[in-house]
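Undergrad: Output the structure for:
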Amino acid sequence: MSEQNQGEAWLRQLLNQMGYPAGVEMSQAPDGVYWLNIDAHGLTAAQVEALIGDRGHVIDAIQYLANTLLNIGREREAQHPYTIELAGYRVRRQGELEALVAEVSQQVRATGEAAELPDLSSAERRQIHHLFTDIADLTTESRGAEPHRRLFVLRRTLD
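TA: This is a model prediction of the structure:
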């Protein structure tokens, strides 16, 4: 079974078992990430809201399961990252995270003090870390243990 068929079939089966029969389409982004897009047309607004969950916790859990189960038994080089999308949630959230990065960057530059970003999922912390890779004067670090792990933005020390 191809990557596409496996990912789509897995997510469709999970949704059916959860009582949310919906179509799934997979696409591959230029960065190699597989996007599993849940078709929201057959779902009610309440079902969409339930699948996304409070602050994205449900869709994050589904994405974690997809990345774990669809890559099980594969060598690290053969593993593929998966993103679960529903009703534009990931795209909207990415925009929110980019705005947060701009705001916090400005704050850290102005004050020189580290800034804490609370209440981010591990997937969102990874996104923030990635967004800061191209910012020369700032860096990020995660502190603490789950579920209270926090991301901090601070000035990069230049050696």
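Undergrad: Please count neighbours and contacts with C-alpha atoms only from this point.
TA: OK.
Undergrad: Show me the shaky parts of the chain.
TA: Applying pLDDT under 70 to the chain flags the ranges 1-4, 158-159.
Undergrad: Report the central residue of it.
TA: When the chain is reduced to its mean C-alpha position, the nearest residue by C-alpha atoms, centre = their mean turns out to be A123, at 4.2 Å.
Undergrad: so that one sits in a strand?
TA: No. A123 is assigned helix when assessed by DSSP: H, G, I helix; E, B strand; the rest coil, not a strand.
Undergrad: from what I can see it touches D60, true?
TA: Yes. Contact criterion C-alpha atoms under 8 Å: A123 and D60 qualify, at 7.4 Å.
Undergrad: any idea where the helices of the chain begin and end?
TA: In order along the chain, the chain carries the following helices (DSSP state H): 3-17, 45-52, 57-69, 89-111, 122-131.
Undergrad: Are there helices or strands packed against the second one, and which ones?
TA: If I follow you right, that is helix 45-52. Under the contact definition 3 or more C-alpha pairs under 8 Å, 6 or more residues apart in numbering; DSSP states H and E, helix 45-52 sits against helix 57-69.
Undergrad: Could you export the helix it packs on as PDB, CA atoms only?
TA: Only the C-alpha atoms of helix 57-69 are listed here, as PDB (Å, rounded to 0.1, in the frame of the first residue of the first chain):
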ATOM      1  CA  HIS A  57      -5.900  19.300  21.600                       C
ATOM      2  CA  VAL A  58      -7.900  16.700  19.800                       C
ATOM      3  CA  ILE A  59      -6.500  17.400  16.300                       C
ATOM      4  CA  ASP A  60      -3.000  17.500  17.900                       C
ATOM      5  CA  ALA A  61      -3.600  14.100  19.500                       C
ATOM      6  CA  ILE A  62      -4.800  12.600  16.200                       C
ATOM      7  CA  GLN A  63      -1.800  14.100  14.500                       C
ATOM      8  CA  TYR A  64       0.500  12.600  17.100                       C
ATOM      9  CA  LEU A  65      -1.100   9.200  16.600                       C
ATOM     10  CA  ALA A  66      -0.700   9.500  12.800                       C
ATOM     11  CA  ASN A  67       3.000  10.300  13.100                       C
ATOM     12  CA  THR A  68       3.500   7.500  15.600                       C
ATOM     13  CA  LEU A  69       1.500   4.700  14.000                       C
END
